[in-house]
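Peer 1: Pasted the sequence and its predicted model underneath.
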Amino acid sequence: MFEIVSFILICYGLSNAVVFTDGPFYIFEKFRNFMKKMPSNLEHGVNCMICFPFQVGIILSLLNSLIYKDVIFTPSQMLSFTDDYFILGMFIDGSIASGTSWLLNVISEHYEKNETDE
């Protein structure tokens, strides 16, 4: 249970920082501006609290499956997916990261709105 909560909070914290803050030395703002200049619609992927956590979940899944195999910290590894279901595990991790980060963001925005209304 601790691993799932940690995974969710890591995904939410990182995604919230990249999507909404400037970051240290304006690194996140520079990253978002760089993505604006790229062809196609890559900018949307770093300005969206549904899209970016999905990417973070996939990256964490890759790290857990390829580099840190002995440490289980993603939901797909907790479900004991083997290498045969590697792509499915990445999709599950990305989906869990995206959904929970979006939900936490909606809750946060709700309380921020209520705080400013009072």
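Peer 2: Yep, that arrived. Bear in mind that the values here come from a model prediction, so they are computed numbers and not experimental data.

Peer 1: centre of the chain versus stretch 4-15, how much separation?
Peer 2: 7 Å (CA atoms, centre = their mean, to the nearest Å).

Peer 1: Residues contacting it, please?
Peer 2: Outside stretch 4-15, the residues within contact range by CB atoms under 8 Å, 6 or more residues apart in numbering are 49, 52-53, 56-57, 60, 73-75, 78, 93, 96-97, 100-101, 104-105. Just so you know, the C-beta spots here come from the backbone N, C-alpha and C atoms, and that holds for glycine as well.

Peer 1: Would you mind listing the buried residues in that stretch?
Peer 2: 7-8, 10-12, 14-15 (16 or more other CB atoms under 10 Å).

Peer 1: Give me the buried subset of the contacts of stretch 4-15.
Peer 2: Using 16+ other CB under 10 Å, the buried ones in the contacts of stretch 4-15 are 49, 52-53, 56-57, 60, 73-75, 93, 96-97, 100-101, 104-105.

Peer 1: Show me where the chain dips below the pLDDT cut-off.
Peer 2: 81-83, 117-118 (pLDDT under 70).

Peer 1: if we go to 90?
Peer 2: 1-3, 23, 32-47, 64-89, 112-118 (pLDDT under 90).

Peer 1: Show the residue spans covered by the helices in the protein.
Peer 2: 2-20, 27-37, 42-46, 51-62, 75-78, 86-117 (DSSP state H).

Peer 1: So which other helices or strands are in contact with the last one?
Peer 2: In this case it means helix 86-117. helix 2-20, helix 51-62, helix 75-78 (3 or more CB pairs under 8 Å, 6 or more residues apart in numbering; DSSP states H and E).

Peer 1: Which of these sits closest to residue 109?
Peer 2: Nearest of the helices and strands packed on helix 86-117 to residue 109, taken as CB to CB: helix 2-20 at 10.4 Å.

Peer 1: returning to that earlier point: now distance to residue 34 too, for the helices and strands packed on helix 86-117, in JSON lines please.
Peer 2: Output for those, formatted as JSON lines (distance: least, CB to CB, whole Å):
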{"stretch": "helix 2-20", "distance to residue 34": "12"}
{"stretch": "helix 51-62", "distance to residue 34": "15"}
{"stretch": "helix 75-78", "distance to residue 34": "30"}
